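S.K.: this one's sequence-less:
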DNA sequence: CGCCTTACTATACTTTTTGTTAGTGACTAT
DNA sequence: ATAGTCACTAACAAAAAGTATAGTAAGGCG
């Protein structure tokens, strides 16, 4: 690429060649957009509930993705010192900034691939 | 999920649980958003040039992703019966509908992860 | 006492995805 | 005759993702 300026992720100093690539490094992956979407919809959710809503992601994968999102500052993890344990996940303020991406993903999926479906806002 | 309606991809009859998932099935993957972004920027591009601009995707991956995008109706492949061969890729009208997603990815990357960079619009 | 609960972790394994390298066909330029 | 061009394929290797199952801590409940 002739015009190949550098793009630096200010949060971890990684280098990219274009902003799209940088974004994908943070919210790419099979489950992350789904997790973020879920958190955006329900605001606060517990681990087991989240797992159910992602129709059966394994605990191994879910934990891994959540940890990475936490590290990247998109997700809050709040644990209550109770028994049995209680842990709540939610978006950070920074995490909320990805909303436009999630909405674009949702809109396109609804409009071009099938028919609308409303997400489970239980209770 | 209590409210678990079905979403069907009208192009291949696959079933999903939410529109975001459906979208990811089409434009997810390590290289697809980058390919689509590139095509959106330059409109028409040849194979080798595309490979360079994606700074070193392997031919195997590039071909695979292009084929899938073609199958899903997002990308045109036009080959000229010349020697050496010449093949041009571009977005279909349907492919152009993903622009809002790509822009959202780009905007977020620019705004939250580093500083703007302009893509190589050579010549 | 023994079972239930939640949010995981650990281990082992299989499958899928991604990457590396070399090579091909057919013509053109040297 | 040899090297170069382009757009790929083929064969293989490595990495990531996914599956299955078991286990843990520590208190509540019957």
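M.R.: That came through, no problem. As the structure is a prediction and not an experimental result, all values here were calculated from the model.
S.K.: who are the packing partners of the helix ranked longest in chain A?
M.R.: Ranked by residue count, the top helix of chain A under DSSP state H comes out as helix A:59-71. Applying 3 or more Cβ pairs under 8 Å, 6 or more residues apart in numbering or on different chains; DSSP states H and E, we find helix A:59-71 packed against helix A:32-42, helix A:47-53, strand A:75-80. Placement of C-beta: from N, CA and C, glycine included.
S.K.: the second one near DNA strand D anywhere?
M.R.: To tie it back to what came earlier, the one meant is helix A:47-53. No. Using Cβ under 7 Å from any atom of the strand, we find that helix A:47-53 stays clear of DNA strand D, coming within 11.1 Å at best.
S.K.: kindly report the same for stretch A:67-85.
M.R.: Yes. With Cβ under 7 Å from any atom of the strand as the measure, stretch A:67-85 is seen reaching DNA strand D through A:83-85.
S.K.: by neighbour count, which of those residues wins?
M.R.: residue A:85 (10 neighbours; other Cβ atoms under 10 Å in any protein chain shown).
S.K.: what secondary structure does residue A:110 sit in?
M.R.: Secondary structure state of residue A:110, per DSSP: H, G, I helix; E, B strand; the rest coil, is helix.
S.K.: tell me the most buried of the helices and strands packed on helix A:59-71?
M.R.: For the helices and strands packed on helix A:59-71, the largest average neighbour count (mean count of other Cβ atoms under 10 Å in any protein chain shown) is found in helix A:32-42, namely a mean of 22.
S.K.: could you check that one against chain B for contacts?
M.R.: Yes. Helix A:32-42 reaches chain B (Cβ under 8 Å from any Cβ of the partner chain) through A:33-34, A:37.
S.K.: residue numbers of chain A in contact with DNA strand D?
M.R.: Counting by Cβ under 7 Å from any atom of the strand, chain A sits next to DNA strand D at A:29-31, A:56-61, A:83-85.
S.K.: kindly recompute the last result at 6 Å.
M.R.: Applying Cβ under 6 Å from any atom of the strand, one finds that chain A approaches DNA strand D through A:29-31, A:58, A:60-61, A:83-84.
S.K.: distance from the longest helix of chain A to the middle of the chain?
M.R.: 10 Å (Cα atoms, centre = their mean, to the nearest Å).
S.K.: pull the number of nearby residues for the closest residue to residue A:14 other than its chain neighbours.
M.R.: Excluding the flanking residues, the one nearest residue A:14 by Cβ to Cβ, 6 or more residues apart in numbering or on different chains is residue A:25, at 6.7 Å. By other Cβ under 10 Å, the residues close to residue A:25 number 16.
S.K.: just want the most central residue of chain A.
M.R.: The structure's chain A has its C-alpha centroid closest to residue A:36; by Cα atoms, centre = their mean the separation is 2.8 Å.
S.K.: put together a markdown table for the helices and strands packed on helix A:59-71, with distance to residue B:8 on each row.
M.R.: Output for these, formatted as a markdown table (distance: least, Cβ to Cβ, whole Å):
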| stretch | distance to residue B:8 |
| --- | --- |
| helix A:32-42 | 18 |
| helix A:47-53 | 20 |
| strand A:75-80 | 30 |
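S.K.: got JSON lines for those, with mean pLDDT and distance to DNA strand C too?
M.R.: Below are the helices and strands packed on helix A:59-71 laid out as JSON lines (pLDDT from 0 to 100; distance: least, Cβ to the nearest atom of the strand, whole Å):
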{"stretch": "helix A:32-42", "mean pLDDT": "94", "distance to DNA strand C": "12"}
{"stretch": "helix A:47-53", "mean pLDDT": "92", "distance to DNA strand C": "3"}
{"stretch": "strand A:75-80", "mean pLDDT": "94", "distance to DNA strand C": "7"}
